[in-house]
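[1] Predicted model and sequence below, questions to follow.
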Amino acid sequence: MHAASHPNGEPRADVAVVGGGIVGLMIAWELVRSDRTVRVIDPDPAGGASYAAAGMLAAVSELHYQEDALLALMLESAQLWPGLLDSLPEGTRDTGYRTAQTLVLGLDAADKRALTDLRAAQARHGLEVEPLSVREARRIEPMLSPSLSCAFHVAADHQVDPRRVCRQLIAAIGSRGGSLVRASAVALLRAEPGENARVTGVALDDGSGVLAGEVIVANGLGASGLGGLLAPLESALRPVHGDILRLRVPDRLRPLLTATVRGVVRGHPVYLVPRDDGTLVVGATSREDGLSGVAAGGVYQLLRDAQALAPAVAELELVEVTARARPGTRDNAPLLGRMRDTDGESIAGLVVATGFYRHGVLLSPVAADLCRRVVDGESPSSLDAFHPDRFSQAKSKEPV
């Protein structure tokens, strides 16, 4: 299909995707593959949380208590990643995808108790986690500290490089006729009459607009700034800032690590993700202190804890320090599906995909699949727990 122009000169598309991070780009790729015209709207594609993300596809390691529905979604998405990568055109498959094992480590006795409890929870969900002796862990990764209290092996968790994935998705979308609009969305366009009439497109900050049969809002924290029909998201989303480091491993220390290392150091989580370009990603803090820039204490904590697990980290070159805000929700689960009006009826033409918090990279394939199914007219049952207006709807049903 080819894009046409509205009589007013506004570009028309089958779908407008607001947000050019990994979630929005993955959705756009899924939709162009279904022979739809797609326009992705973002002033700085792949420059937000996706730029900072480490890219761990860690459904097993990321298990948290009382998140059963989210776990099922993560496991489903992890299974979708290989097929998604195979769907990319030749020449756009350099995504840094690695199936290297993951080691989960604890430093002291309290860390060991916490990770042992986590392993018990993982076992109850049928997730495979193998305990290792510290000696066995150091046989796999000789640069690990001998002072560890425990080690576990997770074979199912993998990784990608989100920056490379986003670059390749942009190229792939373009190869199928999709286009990128480097502008900010400021409002939704709606058909008249009626406050909750069908959404027909997006107004941009340069005074222009994009008309579309469907609008998918996938711009993270920016979703709440569109107001109007999306006003309920203002109280549903919160910024959770994270600091993340990138270090270069000198030739004499390569490979510093071959496995992804996830550790708990005196109660603080830290991860070390080796890249095939000789760099190491160390992250990430989780702050709700209002500081949008890099936190000095966060950098100190990450370096301290990374060195506790792998002492040679002190000999690496610190090449990048980044901070970004991740879109969190009250239950740490995404806001995903059709928006509903105050009567609980679905709003035609409007789909939301945000609130992915720390799981945006992992969940992007399943989010794309579900959004495409919604646009196709389906109502997937797996979305029932993730309605984008579930918090406001629940509040409206409280007795007075």
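    Everything's here; your move. Numbering: from 1, shown residues only.
[2] low-confidence ranges in the chain?
    Scanning the chain for pLDDT under 70 picks out the ranges 1-11, 193-196, 393-400.
[3] Show me the residue at the heart of it, geometrically.
    Central residue of the chain (CA atoms, centre = their mean): Gly360, 1.1 Å from the mean position.
[4] Which element, helix or strand, includes that residue?
    Secondary structure assigned from DSSP states H and E places Gly360 in helix 360-375.
[5] Can you name the element that comes right after the helix ranked longest in the chain?
    In the chain, taking DSSP state H as the definition, the longest helix is helix 68-87. Going down the chain from helix 68-87, the next helix or strand is strand 102-106, by DSSP H and E.
[6] Now do the buried residues in that next one.
    102-106 (16 or more other CB atoms under 10 Å). For every residue, glycine as well, the C-beta is placed using N, CA and C.
[7] Quickly check the residues you listed for the two that are furthest apart.
    Within those, two members stand farthest from each other by CB to CB: Thr102 and Gly106, at 14.1 Å.
[8] What residues of the helix holding Gly360 count as buried?
    Within helix 360-375, the residues scored as buried using 16+ other CB under 10 Å are 360-372, 374-375.
[9] Repeat that for stretch 170-181.
    For stretch 170-181, a neighbour-count test (16+ other CB under 10 Å) marks 170, 172-173, 176, 178-181 as buried.
[10] now swap in stretch 240-259 and tell me
    Buried residues in stretch 240-259, counted by 16+ other CB under 10 Å: 240-247, 249, 253, 256-257, 259.
[11] quick one: the helices in the stretch 301-400 of the chain?
    Ranges of helices in the stretch 301-400 of the chain, per DSSP state H, counting those that start in this stretch, are 360-375, 390-396.
[12] can I get the ones you listed in TSV with distance to Ala120?
    Below are the helices of the stretch 301-400 of the chain laid out as TSV (distance: least, CB to CB, whole Å):
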stretch	distance to Ala120
helix 360-375	23
helix 390-396	30
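[13] Any idea which of those helices gets closest to Gly209?
    Counting by CB to CB, Gly209 lies closest to helix 360-375 out of the helices of the stretch 301-400 of the chain; the figure is 19.9 Å.
[14] Just want the angle from the closest one to helix 68-87.
    Helix 360-375 and helix 68-87 meet at an angle of 90 degrees, taking axes from the mean of the first three to the mean of the last three CA atoms, to 10 degrees as the criterion.
[15] Counting by contacts, list what helix 360-375 packs against.
    helix 22-32, helix 49-52, strand 56-57, helix 68-87, strand 209-217, strand 335-340, strand 346-354 (3 or more CB pairs under 8 Å, 6 or more residues apart in numbering; DSSP states H and E).
[16] For the first one, buried residues please.
    In this case it means helix 22-32. Across helix 22-32, burial judged by 16+ other CB under 10 Å covers 22-32.
[17] continuing past it, what's the next helix or strand?
    Using DSSP H and E, the helix or strand that follows helix 22-32 in sequence is strand 38-41.
[18] Verify the stated contact: Val15 with Ser34.
    No. Val15 is beyond contact range of Ser34, at 9.4 Å (criterion: CB atoms under 8 Å).
[19] Give me the more crowded residue out of these two.
    Ranked by neighbour count (other CB atoms under 10 Å), Val15 and Ser34 place Val15 first, with 26 against 12.
[20] roughly how far apart are that one and Gly225?
    Distance, Val15 to Gly225, using CB to CB, to the nearest Å: 21 Å.
[21] okay, now Tyr65: neighbour count?
    The number of residues packed around Tyr65, counting by other CB under 10 Å, is 8.
[22] so it sits in a helix?
    No. Using DSSP: H, G, I helix; E, B strand; the rest coil, the assignment for Tyr65 is coil, not a helix.
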